[in-house]
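Undergrad: next one to model:
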Amino acid sequence: MAKVHEALKPIQWLIGTWESTVAKGHFPTIKDFTYHEILKFESLGQPLLNYEARSRHPVSGAPMHLESGFLRVKPGTNQLAFMVSHNFGLAVLEEGLATQNSLEFESKSISRISFANDPSVKSIKRNFKLHEDGTMEVTTDMETSTTELTNHLIVIYKKLEQ
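TA: Model prediction:
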């Protein structure tokens, strides 16, 4: 494993592989669903983490969603930028802050492929929280062109490895 850049010290608890123990999705325009997900945050010795999330159907194991990107820290601050590309044609820049054992993000720009299905995503809020028992909770709220900002995903993860 690469040395952890000094700027990452406040969020170094994220580094490693996380597996969902509970993963639920819901939204007013779709049927509720569950899934299984593996998250990876990898340090390369720079003031950023490589990020990947792969979700699968909880019964069949079929791939459902893939997103990848980078979590950057502005050195000397608690300011964060989370750049994420989704396999269905969405690219999101989220910015936010790191506080003790939590990260809070809000989308600053969203781009999508020209032939993506409607409704379009208009904003995203994502929060990461490390619990005292070592589990991590991630909530994602989403606004679309037809639905106001509402919770979309709630996931609890356990850490598998550093």
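Undergrad: only C-alpha atoms for contact and neighbour calcs from this point on.
TA: Fine.
Undergrad: ok now stretch 47-54, how far from the chain's centre?
TA: 9 Å (C-alpha atoms, centre = their mean, to the nearest Å).
Undergrad: brain fart, stretch 79-88
TA: How far stretch 79-88 lies from its chain's middle: 8 Å, per C-alpha atoms, centre = their mean.
Undergrad: and stretch 153-162, by the same measure?
TA: Here stretch 153-162 shows a centroid-to-chain-centroid distance of 11 Å under the convention C-alpha atoms, centre = their mean.
Undergrad: do stretch 30-41 as well
TA: Computed by C-alpha atoms, centre = their mean, the chain-centroid distance of stretch 30-41 equals 11 Å.
Undergrad: hey, C-alpha coordinates of that stretch in CSV?
TA: Extracted C-alpha coordinates of stretch 30-41, given in CSV (Å, rounded to 0.1, in the frame of the first residue of the first chain):
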residue,chain,number,x,y,z
ILE,A,30,-39.3,3.3,-9.1
LYS,A,31,-39.9,0.1,-7.1
ASP,A,32,-37.9,-0.3,-3.9
PHE,A,33,-34.9,-2.6,-4.3
THR,A,34,-31.9,-4.1,-2.4
TYR,A,35,-28.4,-4.8,-3.7
HIS,A,36,-24.9,-5.9,-2.6
GLU,A,37,-22.0,-3.5,-3.1
ILE,A,38,-18.2,-3.4,-2.7
LEU,A,39,-16.5,0.0,-2.3
LYS,A,40,-12.8,0.6,-2.7
PHE,A,41,-10.8,3.7,-1.7
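Undergrad: the closest residue to Lys159 other than its chain neighbours bridge partners, please.
TA: Nearest residue to Lys159, sequence neighbours excluded (C-alpha to C-alpha, 6 or more residues apart in numbering): Trp18, at 4.4 Å. Applying DSSP bridges to Trp18 gives these bridge partners: Leu39, Lys159.
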